[in-house]
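Asker: can you look at this prediction? I've put the sequence above it.
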Amino acid sequence: MTAAVQTRATQTRSLGRMLTAPMALLALAVLFCVVLLSLPITLTIGPMYWDVYIYYDAANRIFSGQVPIIDFFAPIGPLTYYIFAGMTVLFPNAQPSLLAPWTILPISIPLMALLVSDVAPRSRGTALALVIPFLFFTLVPFNSREFYPVIGSDAFGIYNRQSCQLLYVLVASFLFVRDARKLVALVALTMAATFFLKITGFVAGGLICAYALIAGRISIRAALAVAAIFLGIAALVELSSGLVSAYLFDIARLVSMNSGGLLSRFREALAVDFDIAFFTGSLCLVLAVIEFKSRFWSRADFGAAGIWGRINTIMNLPVGWLAAVLVTAIFFETQNTGSQGFIFLWPVLLLTVLKAPKLMGKPVLLGTVLVLVAAVALPTAINIFQRAARTYIGGLNNPDLPNTHLKTLGQVNARPEYLERAERMSVFYPSHRQTYDDLIAIGEYPTSIFFAEPHFQVLFLTEMDKAIEAMRKIEAERGIRFETIMSMGFVNPFPWLMDRTAPLAVSIGADPFRTVAEPGPKEFAAVSGSDIVLYPTCPVTLNSDKILKLYEPAIAADTRIALTPCYDAYINPRFAGKGAAN
């Protein structure tokens with residue numbers, strides 16, 4: 001009996017050890033995502049939920065034969081748009097605020113698995129300490145900071161979070177991978193992914209790579225191999241599609257539209273994340289004092305290392321890495337609204353903890369370092385966990401959004417008061433149109449964070465549903481079909497929802513102050529060729545008004561109608577006189 005009990009206990013321990021192996025955790029994470037994406041889950045709508053519609057617009061354009069960057073302007077690189085398009089086929093019932101963030105998994109999970117294959121044989125504990133935070137930040141799709149006080153899913157800042165997760169892999173690779181070939185593969189593939197995901201992530205990664213070279217974490221020969229692989233990937237993409245040159249042109253255009261104010265953005269990023277910056281800076285100061293007291297520069301091996309070797313030794317200290325990654329993270333956050341900024345400090349914090357007992361002989365110093373490490377790491381993790389728990393638990397009793405034509409975009413719920421407010425405002429906005437025209441005239445929005453307000457996001461969905469119903473009614477009455485649909489707003493999910501097409505050349509995620517340049521002949525031709533152009537009026541806002549004025553010459557000949565109380569429509573002249581009048 002005792003032997004049987006011992007055997008079962010041994011088997012249980014073996015099973016537990018196998019399931020908690022780093023590779024097993026990565027596989028279980030993938031299985032977890034596959035299960036959730038296969039279910040028609042409803043989640044609480046959050047601030048700026050409409051950001052996720054950009055992915056559906058891009059996927060629809062890809063399915064219709066358009067190529068991101070080449071055929072339409074996109075605010076980021078094309079990588080996750082293609083992955084997202086494929087995942088909509090694999091997971092047609094997936095909730096958008098889960099599907100879009102997890103499009104990075106086909107890239108990040110294999111990269112992390114390659115990293116683990118090098119680290120785990122030397123130290124299972126270190127591998128787990130790298131994998132568990134990575135999976136937490138990847139699987140819990142929330143930003144590290146609240147943008148709006150009401151709970152809800154974070155369906156914005158997605159590509160910023162994905163960039164941070166890739167940068168986490170990059171930093172961890174430099175600090176913990178020892179096999180030169182695996183390191184070259186990890187760095188090259190991660191940098192290629194960041195380049196085709198978001199250029200600011202690529203620049204941040206480049207800063208980290210430059211520091212790793214100076215710190216001696218990668219040899220010059222290996223760095224040249226990384227560059228060769230990256231350039232080879234870029235060349236293949238360019239030769240097959242011309243996408244890279246077009247992408248660089250668009251990046252230059254974005255920079256020109258958003259230049260200036262970098263210093264103020266640094267101040268803002270520091271203000272928003274002052275706690276992390278302060279405690280990381282304090283940790284750097286403590287580590288610097290400890291290193292100074294250790295007088296490592298007086299060792300014979302340090303003196304015999306040569307100038308470059310001495311530079312490598314100094315820069316490769318945890319304090320150097322902390323400072324370098326902190327500055328990089330602050331730079332990255334200057335470009336973002338919504339992110340998981342500073343999570344790629346975690347591999348450096350792990351290195352600091354692993355080296356702490358060797359650096360210090362005094363318990364007070366050791367305790368100080370560990371407390372500061374916790375002060376840097378825990379607030380981000382706790383905040384993300386708390387916000388996710390509040391959203392998912394708090395939304396269990398919320399009523400679902402009633403809708404007919406919204407496909408998976410309508411798989412949201414909201415507190416009753418937001419549904420009621422949206423219904424009331426759908427009557428108020430049209431009857432007080434002049435008020436919002438007056439706000440546009442003085443260059444103001446209804447509120448400074450109007451697009452983040454839950455009632456607006458609910459209203460946008462419900463009125464979009466009504467607009468689709470109205471368009472289908474016109475099509476049935478007149479015997480026509482609006483094949484090409486454009487929206488004079490930030491997002492245009494109508495083609496996806498109606499199985500139609502969007503016009504070429506027109507930007508997705510249209511922000512006239514940041515992403516929409518002055519249109520030229522190509523853009524005017526695309527807009528004038530649209531079958532129907534929609535203009536949201538609940539309420540009219542500065543953004544939509546600016547977009548309308550940019551493209552107004554292209555639709556001057558169109559017939560303007562009140563499609564619904566919350567949407568005007570410009571119908572192409574070729575449909576004039578067809579069927580019954582609306």
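Answerer: Now that the structure is in, tell me what you want to look at.
Asker: OK, contacts around residue 385?
Answerer: 136, 140 (C-beta atoms under 8 Å, 6 or more residues apart in numbering). No exception for glycine: its C-beta is placed from N, CA and C like everyone else's.
Asker: and the next helix or strand past the longest helix along the chain?
Answerer: Ranked by residue count under DSSP state H, the longest helix found in the chain is helix 363-394. Later in the chain than helix 363-394, the nearest helix or strand by DSSP states H and E is strand 412-413.
Asker: and that next one, what does it pack against?
Answerer: Applying 3 or more C-beta pairs under 8 Å, 6 or more residues apart in numbering; DSSP states H and E, one finds that strand 412-413 contacts strand 43-44.
Asker: partners of the strand it packs on in the sheet?
Answerer: strand 412-413 (parallel) (DSSP bridges).
Asker: give the next helix or strand downstream of the partner strand.
Answerer: helix 416-431.
Asker: from the chain's centroid, how far away is that next one?
Answerer: Its chain's C-alpha centre and that of helix 416-431 lie 30 Å apart, by C-alpha atoms, centre = their mean, to the nearest Å.
Asker: kindly report the same for stretch 265-274.
Answerer: 19 Å.
Asker: and the longest helix of the chain, what's buried?
Answerer: Within helix 363-394, the residues scored as buried using 16 or more other C-beta atoms under 10 Å are 365-366, 368-369, 372-373, 375-377, 379-381, 384, 387-388, 391.
Asker: same check on stretch 83-90?
Answerer: In stretch 83-90, counting by 16+ other C-beta under 10 Å, buried: 83-85, 87-88.
Asker: which one of those residues is nearest residue 59?
Answerer: Looking at the buried residues of stretch 83-90 and their distance to residue 59, the nearest is residue 85, at 3.9 Å (C-beta to C-beta).
Asker: helix or strand for the closest one, which one?
Answerer: helix 79-90.
Asker: following element in sequence after that helix, please.
Answerer: Next along the chain after helix 79-90, taking DSSP H and E as the criterion, comes helix 96-99.
Asker: can you show me the CA trace of that following helix as CSV?
Answerer: Presented in CSV, the C-alpha positions along helix 96-99 are these (Å, rounded to 0.1, in the frame of the first residue of the first chain):
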residue,chain,number,x,y,z
PRO,A,96,-12.4,41.2,-31.4
SER,A,97,-10.7,42.4,-28.3
LEU,A,98,-9.2,39.0,-27.9
LEU,A,99,-8.5,38.2,-31.5
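Asker: next structured bit after it?
Answerer: Assigned by DSSP H and E, the successor of helix 96-99 is helix 105-119.
Asker: quick one: contacts of that next one?
Answerer: 22-23, 26, 29-30, 33, 79, 83, 126-127, 130-131, 134, 138, 162, 165-166, 169, 172-173, 176-179, 182, 185-186, 189-190, 193.
Asker: filter those down to the buried ones, PyMOL style.
Answerer: To isolate the buried subset of the contacts of helix 105-119 in PyMOL, counting by 16+ other C-beta under 10 Å, use the following:
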select buried, resi 22+26+29+33+79+83+126+127+130+131+134+138+162+165+166+169+172+173+176+177+182+185+186+189+190+193
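Asker: show me the contacts of helix 105-119 that map onto strands.
Answerer: In strands, defined here by DSSP state E, there are no members of the contacts of helix 105-119.
Asker: now the helices for the stretch 201-350 of the chain?
Answerer: Taking DSSP state H, counting those that start in this stretch as the test, the helices found in the stretch 201-350 of the chain are 220-241, 243-257, 262-272, 274-294, 300-303, 306-315, 318-333, 346-359.
Asker: where among these is average confidence lowest?
Answerer: Confidence, taken as mean pLDDT, is least for helix 300-303 of the helices of the stretch 201-350 of the chain (a mean of 60).
Asker: just the C-alpha atoms of stretch 177-195, please, in PDB.
Answerer: What follows is stretch 177-195, C-alpha atoms only, in PDB (Å, rounded to 0.1, in the frame of the first residue of the first chain):
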ATOM      1  CA  VAL A 177      20.700  33.200 -24.700                       C
ATOM      2  CA  ARG A 178      24.200  31.700 -25.000                       C
ATOM      3  CA  ASP A 179      24.100  29.800 -28.300                       C
ATOM      4  CA  ALA A 180      25.400  32.300 -30.900                       C
ATOM      5  CA  ARG A 181      23.300  30.800 -33.700                       C
ATOM      6  CA  LYS A 182      20.100  30.900 -31.700                       C
ATOM      7  CA  LEU A 183      20.900  34.500 -30.600                       C
ATOM      8  CA  VAL A 184      21.400  35.600 -34.200                       C
ATOM      9  CA  ALA A 185      18.100  34.000 -35.200                       C
ATOM     10  CA  LEU A 186      16.200  35.500 -32.300                       C
ATOM     11  CA  VAL A 187      17.500  39.000 -32.800                       C
ATOM     12  CA  ALA A 188      17.100  39.000 -36.600                       C
ATOM     13  CA  LEU A 189      13.600  37.600 -36.600                       C
ATOM     14  CA  THR A 190      12.400  39.800 -33.700                       C
ATOM     15  CA  MET A 191      13.800  42.900 -35.400                       C
ATOM     16  CA  ALA A 192      12.100  41.900 -38.700                       C
ATOM     17  CA  ALA A 193       8.800  41.400 -36.800                       C
ATOM     18  CA  THR A 194       9.000  44.800 -35.100                       C
ATOM     19  CA  PHE A 195       9.900  46.500 -38.400                       C
END
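Asker: for it, what is the average pLDDT?
Answerer: 98.
Asker: now what about that stretch, what contacts it?
Answerer: For stretch 177-195, using C-beta under 8 Å, 6+ apart, the contacting residues are 77, 79, 107, 111, 114-115, 117-119, 122, 163, 166-167, 169-170, 173-174, 201-202, 204-206, 209, 218-219, 222, 225-226, 229-230, 233-234.
Asker: which SS state does residue 560 fall under?
Answerer: Classification of residue 560 using DSSP: H, G, I helix; E, B strand; the rest coil returns strand.
Asker: pLDDT below threshold where in the chain?
Answerer: Across the chain, the ranges flagged by pLDDT under 70 are 1-19, 258-263, 294-305, 359-361, 577-582.
Asker: okay, domains of the protein per the record?
Answerer: 7-37+100-391, 419-575 (automatic domain parsing).
Asker: ok, and what's touching stretch 26-38?
Answerer: 19, 87, 90-91, 93-95, 98-99, 102, 105, 109, 112-113, 116, 131, 135, 138-139.
Asker: distance from that stretch to the middle of the chain?
Answerer: 19 Å.
Asker: same question for stretch 368-375.
Answerer: That offset, for stretch 368-375, works out to 29 Å (C-alpha atoms, centre = their mean).
Asker: thinking again about what came up before, out of the helices of the stretch 201-350 of the chain, the one nearest residue 429 is which?
Answerer: Comparing the helices of the stretch 201-350 of the chain by C-beta to C-beta, helix 243-257 comes nearest, at 29.9 Å.
Asker: got the contact list for that closest one?
Answerer: By C-beta under 8 Å, 6+ apart, the list of residues contacting helix 243-257 reads 67-70, 73-75, 77-78, 196, 199, 234-235, 237-238, 514-515, 517.
Asker: narrow these to those that are buried.
Answerer: 67-70, 73-75, 77-78, 196, 199, 234, 237-238, 515.
Asker: show me these that map onto helices.
Answerer: 196, 199, 234, 237-238.
Asker: of these, which pair is most distant in space?
Answerer: So, those by C-beta to C-beta: farthest apart are 199 and 238, at 15.7 Å.
Asker: how many neighbours does residue 252 have?
Answerer: Around residue 252 there are 10 other residues, counting by other C-beta atoms under 10 Å.
Asker: look up how far residue 470 lies from it.
Answerer: Distance of residue 252 to residue 470, computed by C-beta to C-beta, to the nearest Å: 41 Å.
Asker: this completes my enquiry, with thanks.
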